[in-house]
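>>> task: produce atomic coordinates for the following.
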Amino acid sequence: MGFISGLKGLFKKPIFVFIISLFTITWILIIVNSYLLNPSIHSFILMFGGGLLIFNLIFLFISLFKNLDKINKWFYIIVFIVAIALGIFFSTSIFSTTFISVFLILLNVNIFFTAFFAFKLCMDSSTKVDDYLYKSKSSRKVTRVIEFLVFGFLVLWFFRLTVIFFSYTSLPLFLAVINILQTLFWINVVLMIIVLIRLIITKKLSAYITLFFLFTFFYALYIFFDLLYGIFFSTATGDPTHVIVSFVIDAFLFLYILGTVYDKIEFIQDKLKVFRVDTIALFLITMKIYVQVSRIGAIIVPVDVQILQAQVLFIIFVFFNLIFGMYSILAHKSKKSKR
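Now for the predicted structure:
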C-alpha cells in the first residue's frame, strides 16, 4: 500500500521518529489523564506539549529555507532543550483562550484533512479489494458481481438498522443524525445511477462501489458515535473507552495522512516549488499536536460547537464522496493480473 511505503520513507528521518515518538507519548498521557484527572499529569502535558509545539514550529520555519537532513544533530538537541524551557515558561498561555482563534483555524484545517483522507482511505481500500478480485480471469465476472450484490445488501441492511435505532427517540440530535444519514444515502443513490449508466454504455461494472458505500457508512457512524458518546458520557464520567477507541481511529488516520503525503514526495516537490514535503509533514504534525493538547487546556469547546464540527466534518466528507466518487467511477480501471 502506498501510505506504508510513505511511512517507511518518513521514519527513515531521525527527526520525524523523534517528534512522532514524543507526540505519541504525549497523546497516551492525554488518554491516561482523561481517566485519572491528575493535576500533575495535566500540568506536565501542557508544559511538555507546549515545548514540543514550539520545537515543531521552529523546524517548520527552518524547513522553508533548508533541507532538514543537512542540519547537525546537536542543533536539534539544543533547540529541543530551549523549546521545552519555553514550553514550561509559557505553559499557562500557549493553550489558553487567548489563542482561541489559532485553535479554531487549526481545528478546521484538521477537519478538512481528516475528511479528505478518510474518504481516500475508503476509496483506496474498496478499489484494492476489487482489483484483487479482478485478477482471476476465469472468475472475475462472478466474484465481482457477488462483491457488488453482497456489499450492496449489507449497506442497505445497516442503513435500515441504524435509522430504526435512532428513531426510538425524538431527541433533536438523533433526528439530525437520521437526516444526515438520509443525505448520505441519496448521495450513494446518485453515485449508483452513474455506475449503472456507465455499465449500460461501457459494459463495465464498478463493482467496488458498494464496498465503498459500506466503508463510508461506517466512517459516518464513527463521526456520530464519537460526538454522541463524547457529549452524553465521556465528558461527565471520564470513561476511557471512548478516548481509547477515538485514539486508535484518529492515530491510524493521522499516520495514513502522513504516509500518503510522503508517498507523493516527488509529485509534491514538483508541483509545490516553495514547500518541501518535510514542511508539509511538520505542519500536519504541529496542527495535530496543538489540537490534541488544546483539548485538555483552558479552551472548552461548547456542545453546540462540537455538533457544528461534526456537521462540517460530515459535509466535507460527503462533498468528497460525491465529487471524487463520480470521478473515480468514470476513471477507475481494474488491474488485470500479469500472465
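>>> in stretch 184-202, what's buried?
Neighbour-count burial for stretch 184-202, counted by 16 or more other C-beta atoms under 10 Å, picks out 184, 187, 188, 191, 192, 194, 195, 198. (Each C-beta comes from the backbone N, C-alpha and C, glycine too.)
>>> could you name the helices and strands sitting against the helix or strand hosting residue 190?
Assigned by DSSP states H and E, residue 190 belongs to helix 172-202. For helix 172-202, the elements it packs on are helix 140-166, helix 209-229, helix 303-331, judged by 3 or more C-beta pairs under 8 Å, 6 or more residues apart in numbering; DSSP states H and E.
>>> make TSV from the buried residues of stretch 184-202 and add distance to residue 55 and pLDDT to it.
Below are these laid out as TSV (distance: C-beta to C-beta, whole Å; pLDDT from 0 to 100):
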residue	distance to residue 55	pLDDT
184	40	82
187	42	86
188	44	87
191	44	88
192	49	90
194	47	89
195	48	88
198	50	86
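>>> now those residues as CSV including distance to residue 68?
CSV is the format used below for the buried residues of stretch 184-202 (distance: C-beta to C-beta, whole Å):
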residue, distance to residue 68
184, 41
187, 41
188, 43
191, 42
192, 47
194, 44
195, 45
198, 45
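>>> report the buried residues of stretch 6-24.
6, 7, 10, 15, 16, 19, 20, 22, 23.
>>> any idea how far residue 87 is from the closest residue to the first one other than its chain neighbours?
This points to residue 6. Nearest residue to residue 6, sequence neighbours excluded (C-beta to C-beta, 6 or more residues apart in numbering): residue 263, at 3.1 Å. Look at residue 263 and residue 87: by C-beta to C-beta, to the nearest Å, they are 32 Å apart.
>>> for stretch 78-85, which outside residues touch it?
47, 48, 51, 52, 54, 55, 58, 59 (C-beta atoms under 8 Å, 6 or more residues apart in numbering).
>>> for that stretch, buried residues please.
Under the neighbour-count criterion of 16+ other C-beta under 10 Å, stretch 78-85 has 79, 80, 83, 84 buried.
>>> secondary structure element for the second one?
Following DSSP H and E, one finds residue 80 within helix 73-89.
>>> CA atoms only for the following helix or strand past that helix, dumped as PDB, please.
Following helix 73-89 in sequence order, the next helix or strand is helix 91-94 (DSSP H and E). This file holds the C-alpha atoms of helix 91-94, laid out as PDB (Å, rounded to 0.1, in the frame of the first residue of the first chain):
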ATOM      1  CA  SER A  91       2.500  26.600  29.600                       C
ATOM      2  CA  THR A  92      -0.300  28.700  31.100                       C
ATOM      3  CA  SER A  93      -0.800  30.800  27.900                       C
ATOM      4  CA  ILE A  94       0.000  28.700  24.800                       C
END
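>>> and the helix or strand just after helix 91-94, which residues are buried?
Using DSSP H and E, the helix or strand that follows helix 91-94 in sequence is helix 100-134. Neighbour counts over helix 100-134 (16+ other C-beta under 10 Å) mark 103, 106-107, 110-111, 113-124, 126-127, 129-131, 133-134 as buried.
>>> tell me how far helix 100-134 is from the chain's mean position?
5 Å (C-alpha atoms, centre = their mean, to the nearest Å).
>>> who are the packing partners of that helix?
Short answer (3+ C-beta pairs under 8 Å, 6+ apart): helix 100-134 packs on helix 140-166, helix 209-229, helix 240-263, helix 277-294, helix 303-331.
>>> weakest of those helices in terms of mean pLDDT?
Mean pLDDT is lowest for helix 303-331 out of these, coming in at a mean of 70.
>>> the contacts of stretch 78-85 in helices, which ones?
Judged by DSSP state H, the contacts of stretch 78-85 include 47, 48, 51, 52, 54, 55, 58, 59 as members of helices.
>>> so what's the fifth one scoring on pLDDT?
So that's residue 54. pLDDT, residue 54: 90.
>>> just the third one next, same as before
Residue 51 is assigned a pLDDT of 90 by the prediction.
>>> so for it, what's the nearest residue that isn't a sequence neighbour?
Nearest to residue 51 is residue 87, by C-beta to C-beta, 6+ apart, at 2.8 Å.
>>> I am finished for the moment; much appreciated.
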